[in-house]
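S.K.: Predicted model follows, preceded by the sequence.
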Amino acid sequence: MNDTPAGRINREQQPLASFDESKRCIASASRFLPGGVSSNFRLGMIPTPLVIERADGPFLFDVDGNRLIDYYLGMGPMILGHNPEPIRRAVITQLERGLLYGAQSRLEAQVAELFHTIVPCAEKLRFTSSGSEAVQAALRLARAETGRNAVIKFEGHYHGWFDNVLVSVQATPDNAGDPVRPNRNPGSAGQDATAWGNVEVLGWNDLAAVEARLAVGDVAAVIMEPMMCNAGGILPGDGYLQGVREACTRNGTVLIFDEVVTGFRVAAGGAQQLFGVTPDIATFGKCLANGFPVAAVAGRADLLDRFVSGGAVHGGTYNAQPVSMAAALVTLQTLCDGRVIDAIAPLGRRLMTGIASHLTDAGIPAVVSGLPQIFNVSFGLTQPARNYRDLMQVDRLRYVRFCGEMLKRRVRALERGAWFLSATHDEAAIHETLAVIAEAAQEVK
């Protein structure tokens, strides 16, 4: 196992990585776990889903003895890096006090109060165990508040894996339909077709379409990623979020921001703070507890109080589990003043610029877009995408090959195009990563 700090390795002496032991472990695990994994989003990796032994800072160490510079970051949560000592210490302290009470802890209230001071919309909040659950709670609140059923979502925006929202997340040119009124495409076999009967799909960054639909007066909620992260790194157009906010207010519709990815990553108060637009409700997860299973639904006090006096039901055995709350408290205390997030920015910008430069040198058309803490690399584009229809032109197969070539050289990035940075990615890690990118680009040019 190679623990040499990143950037100090002589790349000419480094053989390409082997993942034979990961392959063997996945094959063995497949006897009991479908595909050898516990999430479909861990399938389809080249050359194999990885089996990890330990993690530290920006690095993963796998069962084959490879030290990998990690830009998956657990698919987003590890903004403070892997295995940070302050979180370990807080979790160990709580473990000695108990695991689950079936009651409240002081930690729960402390995290909620700190959350309230950081996030603009968070007059009150409830904790859940996953972002998918938080989205369901938000939609329930919106329908309870308005007495309406219709919900607007957008092509390419991901709001969890449940039947009623896994719609038009990965549409294709063959099934997408009219850009003005896109088809509703299920994201999975086995979905209940009646579950999304009240969900309508629009193209993102089209303010006129939202205004026209909301004017009918029967829409309970508009839900969106305030920055399109899951499908591609697309920023909202000038005035778009503000315009949607005004249209929702004008028509009595609840505006929901899905900040499971952007929350506590693009700014301390999330994308709503960064873009200066406050939703009625927002959902959070991932960075909230730096790897522990905590999510939240937050928003206007009158909406959240419907869980108490408005007949809206919300539950969960593991909601606000004390060990996870201990991790969340330290994470938010570390992120609350924004300095950690700001410190990531120059390194992220350097990485974005370097990737674009190396791909250009290799003659590979591509766009690097988003923000330095979370950005996307889109092969095949020559201009930044404005919506999901533009992302349909992305050369995904070539990008997956590119990720495979990087992985052979011990840099791990998400095959869907997203790159996450942490507070522990330093100049040396970025330097080594860019050297790998230059080599990988030449392999797939």
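M.R.: Received it, and whenever you're ready, just let me know what you need.

S.K.: Which helix or strand contains the residue nearest the centre of the chain?
M.R.: Centroid check for the chain by C-alpha atoms, centre = their mean gives residue 261 as the closest residue, at 3.1 Å. For residue 261, there is no enclosing helix or strand under DSSP states H and E.

S.K.: which non-adjacent residue is nearest it?
M.R.: Nearest in space to residue 261, with sequence neighbours left out and distances taken as C-beta to C-beta, 6 or more residues apart in numbering, is residue 229 at 4.3 Å. Where you see a C-beta, it was placed from the backbone N, CA and C, and this is true even at glycine.

S.K.: what about that neighbour, neighbour count?
M.R.: 27 (other C-beta atoms under 10 Å).

S.K.: I'd assumed residue 370 was in contact with it.
M.R.: Yes. In this structure, residue 229 is within contact of residue 370 by C-beta atoms under 8 Å, at 7.4 Å.

S.K.: coming back round to it: quick one, phi psi at the residue nearest to residue 261?
M.R.: Dihedral pair for residue 229: phi -110, psi -40, per degrees, to the nearest 10.

S.K.: Make residue 1 into 857 and carry on from there
M.R.: OK, 857 is where the count begins now, so the last one is residue 1085.

S.K.: Contacts only, for it.
M.R.: Applying C-beta atoms under 8 Å, 6 or more residues apart in numbering, one finds that residue 1085 lies in contact with 1117, 1118, 1226, 1230, 1232, 1274.

S.K.: Overlap in contacts, residue 1085 and residue 1226.
M.R.: Common neighbours of residue 1085 and residue 1226 are listed as residue 1232 (criterion: C-beta under 8 Å, 6+ apart).

S.K.: which regions of this protein lie under the pLDDT threshold?
M.R.: 857-869 (pLDDT under 70).

S.K.: Domain boundaries for it, per the record?
M.R.: 867-934+1195-1300, 941-1191 (automatic domain parsing).

S.K.: Single out the most deeply packed of those domains.
M.R.: domain 941-1191 (a mean of 20; mean count of other C-beta atoms under 10 Å).

S.K.: Could you identify the helix or strand that succeeds the helix or strand harbouring residue 1190?
M.R.: Using DSSP H and E, the element containing residue 1190 is helix 1178-1191. Per DSSP H and E, the first helix or strand lying C-terminal to helix 1178-1191 is helix 1195-1217.

S.K.: can you pull the contacts of the residue nearest to the centre of the chain?
M.R.: By C-beta under 8 Å, 6+ apart, the contact set of residue 1117 is 932, 1081, 1085, 1086, 1142, 1230.

S.K.: Help me confirm that the first one comes into contact with residue 1270.
M.R.: The reference is to residue 932. No. The pair residue 932 / residue 1270 is not scored as a contact, 9.2 Å apart, by C-beta under 8 Å.

S.K.: which residues do the two both contact?
M.R.: Contacts common to residue 932 and residue 1270, judged by C-beta under 8 Å, 6+ apart, are residue 1276.

S.K.: Now do the same contact list for residue 1227.
M.R.: Counting by C-beta under 8 Å, 6+ apart, residue 1227 touches 1083, 1089, 1091, 1122, 1204.

S.K.: I would like the residues contacting stretch 990-997, please.
M.R.: With C-beta under 8 Å, 6+ apart, stretch 990-997 has contacts from 982, 984, 1007, 1015-1016, 1018, 1020-1021, 1076-1077, 1079, 1110, 1112, 1114, 1116, 1137-1141, 1151-1153, 1155, 1159-1160, 1162-1163, 1168-1170.

S.K.: Recalculate using a threshold of 7 Å.
M.R.: 982, 984, 1007, 1015-1016, 1018, 1021, 1077, 1112, 1114, 1137, 1139-1141, 1151-1153, 1159, 1162, 1168, 1170 (C-beta atoms under 7 Å, 6 or more residues apart in numbering).
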